[in-house]
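Asker: Sharing a model prediction with you, sequence too.
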Amino acid sequence: MIDTVPVTTVDELNRMTPTQVADMIGDLLYSPQLGAAIAAAAPFRSLEHVLDAAHRELLRLPRVEILASIQAHPVLGEKTTDSYSREEQSFILDSPPEVLVEIADLCQRYEARFHHIFLVCAQGIGGHEVLLLLKRRLENPTVTEWETTVRELGRINVLRLRTVVR
């Protein structure tokens, strides 16, 4: 994982080697396997082509690879050196200390129940909204929660790719 990925264009991606594309996207999305699978879809016609490949290939990954990507994300509400996560969680991290404590407690309960960290596309949502989501998702059946978590991972991946690829 790298702290920041340089902004690039679709044309620049197409001029990179498959290894360069795989490394850049794999670092950004916390998944070398996903980075390699997306790189294999090159040359890209547009940003939408990149995003379509990212979605399609995420759903093709084995569960263990998806889980590794999920677990590579920082725990929600905890300080991180990863600039993308800091930006995505900025409203949560600005929450009052008691809200952060409750988020931490519910995240621990969540992880004990589902055996992976709580993942949500946190862009633009605050601590109180996260608490509501955590409480609601703790009630989900395991299968439903896995599907929800993978969908949230996909949303995070799209957000990050839109930030980096212009």
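Answerer: Here it is on my side, so go on.

Asker: list the buried ones in the worst-scoring helix or strand of the chain on mean pLDDT?
Answerer: Here the helix or strand of the chain ranked lowest by mean pLDDT, DSSP states H and E is helix 83-88, holding a mean of 74. Neighbour-count burial for helix 83-88, counted by 16 or more other CB atoms under 10 Å, picks out 84, 85, 88. For glycine as for every other residue, the C-beta is placed from the backbone atoms N, C-alpha and C.

Asker: Repeat that for stretch 16-28.
Answerer: Buried, per 16+ other CB under 10 Å, within stretch 16-28: 21, 22, 23, 24, 25, 26, 27, 28.

Asker: Just the closest of these to residue 36, please.
Answerer: Ranked by distance to residue 36 (CB to CB), the buried residues of stretch 16-28 are led by residue 22 at 4.3 Å.

Asker: On the three-state scheme, residue 81 is what?
Answerer: Taking DSSP: H, G, I helix; E, B strand; the rest coil as the rule, one finds residue 81 in the coil state.

Asker: since we're on it, how many residues are nearby?
Answerer: The number of residues packed near residue 81 is 9, by other CB atoms under 10 Å.

Asker: Quick check: phi and psi at it.
Answerer: In terms of degrees, to the nearest 10, the main-chain angles of residue 81 are phi -90, psi -10.

Asker: do the same with residue 165
Answerer: Dihedral angles (degrees, to the nearest 10) for residue 165: phi -100, psi 120.

Asker: and it, bridged to which residues?
Answerer: Counting by DSSP bridges, residue 165 forms beta bridges with residue 8.

Asker: Would you mind listing the residues in contact with the nearest residue to residue 134 once chain neighbours are set aside?
Answerer: Leaving aside its chain neighbours, residue 134 sits nearest to residue 106 (4.2 Å; criterion: CB to CB, 6 or more residues apart in numbering). Residues counted as contacts of residue 106 (CB atoms under 8 Å, 6 or more residues apart in numbering) are 118, 131, 134, 135, 138.
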